[in-house]
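Colleague: the following block contains a protein sequence and its predicted model.
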Protein chains: 2
Amino acid sequence: MSLLVIGTLAYDSVETVQDCREGLLGGSAVHFGMAAANFGPVGLVGVVGADFRKEDLRFLEGRGVDTEGVERLEGRTFRWSGRYEADWNTRHTLETQLNVLERFDPKIPPSQRGARFVFLANASPQAQLKALRQCGKRVFSLADTMNYWIENTREGLSEVLREVDGVVLNDEEARLLTGETNLIRAAHRVRALGPRYVILKKGEHGAFLIGQDVQYALPAYPVQEVVDPTGAGDSFAGGFMGYVASADSTEPRTLRRAMLYGTATASFCVQGFGVEGLGPHGRGAIESRFNELLDITTV
Amino acid sequence: MSLLVIGTLAYDSVETVQDCREGLLGGSAVHFGMAAANFGPVGLVGVVGADFRKEDLRFLEGRGVDTEGVERLEGRTFRWSGRYEADWNTRHTLETQLNVLERFDPKIPPSQRGARFVFLANASPQAQLKALRQCGKRVFSLADTMNYWIENTREGLSEVLREVDGVVLNDEEARLLTGETNLIRAAHRVRALGPRYVILKKGEHGAFLIGQDVQYALPAYPVQEVVDPTGAGDSFAGGFMGYVASADSTEPRTLRRAMLYGTATASFCVQGFGVEGLGPHGRGAIESRFNELLDITTV
């Protein structure tokens, strides 16, 4: 197993202007895992409650996501519900039930501790650090985070940032973390906190990779029918890390191509509820959007 | 004269979080002209009041902007004042004094009526049409507009859209014009109104060109110190049309490169108040940012 993700498994409820769905399989590690599995095997470490459906685990396994590292605890699975405005950019969290996530204590199966590529999906910095320190041989680690951890556990987050190779942030998080309104300056300030690479996610406006040896920006894939943007960021990270792990390289050229693969993968995510959009397409469809994106962004 | 711009000359007052300036030389045609002049000669058609400073006309002439088509009327020059929030995306118009602009009746000098490339900067659709119909030999015309004309003179604007080859819109304008929240769908809807090419300007998020034979998206140049974004859109259009006119081509490859030149040119505009940023750099500096942008956007 060369790629590992540590993060959440969840049941999500999503309201959009057109439709609503309840009890959708979701969570950061699930979106990441489903996206990354298009490029090769991926191990998932997380926690679920007694109510987590066995068929959902089988579904993930069927897609190439190894769930040996998913721990089942007494209690209910983490639940999130939210509502999107018509412009998709405004998201209201209606309810968050942490449930078993409050007791998340990541334990990486011995067979997966040698993973060369590790993604720390959004979780408490404490859990992220605990997971990271179990992965001895990693060559590239990428972390996500969110406003809550930036505001409430700054010290733990700083420790994460000192240990990882890269971090993915949306524009709001980058500004909150650094106090810089200019995104480019914010990205450089984040790099000064530790990570060699910063990926800024800007939703429908694309993404920006900034590192010492690389600067690469690209627009989002021009999706005409958005159904549900939940998990787009994790799907982007899944496509990015999935490709990097499959190439077994962190050369600038690989990272640039990985940005395109992440963007192509995320574009499928937003076209269905939950992980539906990530399911049926497969690598061929991703390659096709990769080539479209290349065409759209090449002079 | 192969390139012509019809639009406003103004004195602007600008407040930012850091600083404020009064009586700055500005206006859509001035920003466009200064930007385009980096690529070759450009004729400017517009109207000023008796108070317009002679040295400002000389300044434009010195930069390669032909002001033969600038008419001087009794009364005061068009004035605009505005204030930017710290994020630069929120702009408050504090005052608009149309003054002589209310009597703008564009008269294109006979020597400039054969212009092959024409930019209709933001003005009333009536004035835009009147100008366009004086340009017989044009091979490519591009129009800008604004919310006010979309809301109040829809019929005149539709006529403009049926006659021009391309239109530049920001995201808000594209949504207002079409009622579509999805920008890509909005762009296709705008094309259905007439223009073969639609350029979506997204400020700090870059720009998108959509036509039958081309789709090209690129991010903004990563400017770290914004001073005043006034005129950035017109400077983008100036760089775009200046390059297209200098290449004397509207091939897809030329239009893609023109998007990069427009972006590079606009990045200088925002680094100074009014047209200060557009002044001292010249073509060499633009080429250098063109190459940087190529590097940032190429896999």
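Modeller: Alright, I've got the coordinates. Numbering: from 1, shown residues only, chains lettered A, B, ... in the order given.
Colleague: residues of the stretch 151-299 of chain A that sit close to chain B?
Modeller: For the stretch 151-299 of chain A, the residues in contact with chain B (C-beta under 8 Å from any C-beta of the partner chain) are A:181-185, A:202, A:204-206, A:208, A:215-219, A:222-226, A:253, A:256-257, A:260, A:294-299. C-beta coordinates here come from the backbone N, C-alpha and C atoms, glycine included.
Colleague: I'd say A:Leu60 and A:Gly69 touch.
Modeller: No - with contact defined as C-beta atoms under 8 Å, A:Leu60 does not count as touching A:Gly69 (11.4 Å).
Colleague: rewinding a little: in strands, which of the residues of the stretch 151-299 of chain A next to chain B appear?
Modeller: Counting by DSSP state E, the part of those found in strands is A:Phe208, A:Gln215, A:Tyr216, A:Ala217, A:Leu218.
Colleague: buried set for stretch A:291-299?
Modeller: A:Glu292, A:Leu293, A:Ile296, A:Thr297, A:Val299 (16 or more other C-beta atoms under 10 Å in any protein chain shown).
Colleague: could I get those in JSON lines, plus columns for distance to A:Val244 and pLDDT?
Modeller: Below are the buried residues of stretch A:291-299 laid out as JSON lines (distance: C-beta to C-beta, whole Å; pLDDT from 0 to 100):
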{"residue": "A:Glu292", "distance to A:Val244": "21", "pLDDT": "95"}
{"residue": "A:Leu293", "distance to A:Val244": "17", "pLDDT": "96"}
{"residue": "A:Ile296", "distance to A:Val244": "22", "pLDDT": "95"}
{"residue": "A:Thr297", "distance to A:Val244": "19", "pLDDT": "95"}
{"residue": "A:Val299", "distance to A:Val244": "26", "pLDDT": "92"}
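Colleague: and those, which two are the farthest apart?
Modeller: Farthest apart among the buried residues of stretch A:291-299 by C-beta to C-beta are A:Glu292 and A:Val299. That separation is 15.7 Å.
Colleague: hang on, the earlier thing: name only those of the residues of the stretch 151-299 of chain A next to chain B that count as buried.
Modeller: A:181-185, A:202, A:204-206, A:208, A:215-219, A:222-223, A:226, A:256-257, A:260, A:296-297, A:299.
Colleague: show only the entries of those found in helices.
Modeller: Using DSSP state H, the members of those that fall in helices are A:Leu183, A:Ile184, A:Arg185, A:Arg256, A:Arg257, A:Leu260, A:Ile296, A:Thr297.
Colleague: now, the most widely separated pair of these?
Modeller: Top of the distance list for those (C-beta to C-beta): A:Arg185 and A:Ile296, 27.5 Å.
Colleague: if we can go back for a sec, which one among the ones in strands among the residues of the stretch 151-299 of chain A next to chain B gets closest to B:Phe32?
Modeller: Using C-beta to C-beta, A:Ala217 comes nearest to B:Phe32 of these, at 25.5 Å.
Colleague: just want the phi and psi numbers for the nearest residue to that closest one once chain neighbours are set aside.
Modeller: Sequence neighbours aside, B:Pro219 is the residue nearest to A:Ala217 in space, at 3.8 Å (criterion: C-beta to C-beta, 6 or more residues apart in numbering or on different chains). Backbone torsions for B:Pro219, taken as degrees, to the nearest 10, come to phi -80, psi 170.
Colleague: just checking, B:Pro219 touches B:His205?
Modeller: Yes - counting by C-beta under 8 Å, B:Pro219 does reach B:His205; the two are 6.9 Å apart.
Colleague: spit out the contact partners of A:Leu209.
Modeller: By C-beta atoms under 8 Å, 6 or more residues apart in numbering or on different chains, the residues touching A:Leu209 are A:Tyr197, A:Val198, A:Ile199, A:Leu200, A:Gln215, A:Tyr216, A:Ala217, A:Leu255, A:Arg256, A:Met259.
Colleague: one more time with 6 Å, if that's ok
Modeller: A:Ile199, A:Tyr216, A:Met259 (C-beta atoms under 6 Å, 6 or more residues apart in numbering or on different chains).
Colleague: output those as JSON lines; include the columns distance to A:Leu157 and pLDDT.
Modeller: Compiled in JSON lines, these are given as follows (distance: C-beta to C-beta, whole Å; pLDDT from 0 to 100):
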{"residue": "A:Ile199", "distance to A:Leu157": "16", "pLDDT": "98"}
{"residue": "A:Tyr216", "distance to A:Leu157": "25", "pLDDT": "96"}
{"residue": "A:Met259", "distance to A:Leu157": "24", "pLDDT": "98"}
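Colleague: in chain A, where is pLDDT below threshold?
Modeller: Residue ranges of chain A with pLDDT under 70: A:1, A:280.
Colleague: at 90 what do you get?
Modeller: A:1, A:86-91, A:136-138, A:181-184, A:202-205, A:212-213, A:222, A:224-225, A:277-282 (pLDDT under 90).
Colleague: in it, which residue is closest to the centre?
Modeller: Centroid-nearest residue in chain A: A:Asp234, 2.3 Å away (criterion: C-alpha atoms, centre = their mean).
Colleague: am I right that it sits in a strand?
Modeller: No - note on A:Asp234: no strand contains this position according to DSSP: H, G, I helix; E, B strand; the rest coil, which reports helix.
Colleague: hang on, isn't it packed against A:Ser28?
Modeller: Yes - if you go by C-beta atoms under 6 Å, A:Asp234 and A:Ser28 touch, sitting 4.8 Å apart.
Colleague: what sits against A:Phe290?
Modeller: A:Leu260, A:Tyr261, A:Ala264.
Colleague: for those residues, which one is nearest chain B?
Modeller: A:Leu260 (6.5 Å; C-beta to the nearest C-beta).
Colleague: can you give me the helices in the stretch 51-200 of chain A?
Modeller: Counting by DSSP state H, counting those that start in this stretch, the stretch 51-200 of chain A has helices at residues A:54-62, A:125-132, A:147-152, A:154-163, A:171-178, A:183-192.
Colleague: in CSV: these, plus distance to B:Val5.
Modeller: Formatted as CSV, the helices of the stretch 51-200 of chain A follow (distance: least, C-beta to C-beta, whole Å):
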stretch, distance to B:Val5
helix A:54-62, 58
helix A:125-132, 54
helix A:147-152, 45
helix A:154-163, 49
helix A:171-178, 34
helix A:183-192, 31
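Colleague: from A:Val118, how far off is A:Ser111?
Modeller: According to C-beta to C-beta, to the nearest Å, A:Ser111 and A:Val118 sit 15 Å apart.
Colleague: the two: which is more packed in?
Modeller: A:Val118 (30 against 12; other C-beta atoms under 10 Å in any protein chain shown).
Colleague: count the neighbours of the closest residue in space to the more buried one that isn't next to it in sequence for me.
Modeller: Leaving aside its chain neighbours, A:Val118 sits nearest to A:Ser141 (4.4 Å; criterion: C-beta to C-beta, 6+ apart). Residues lying near A:Ser141 (other C-beta under 10 Å) number 24.
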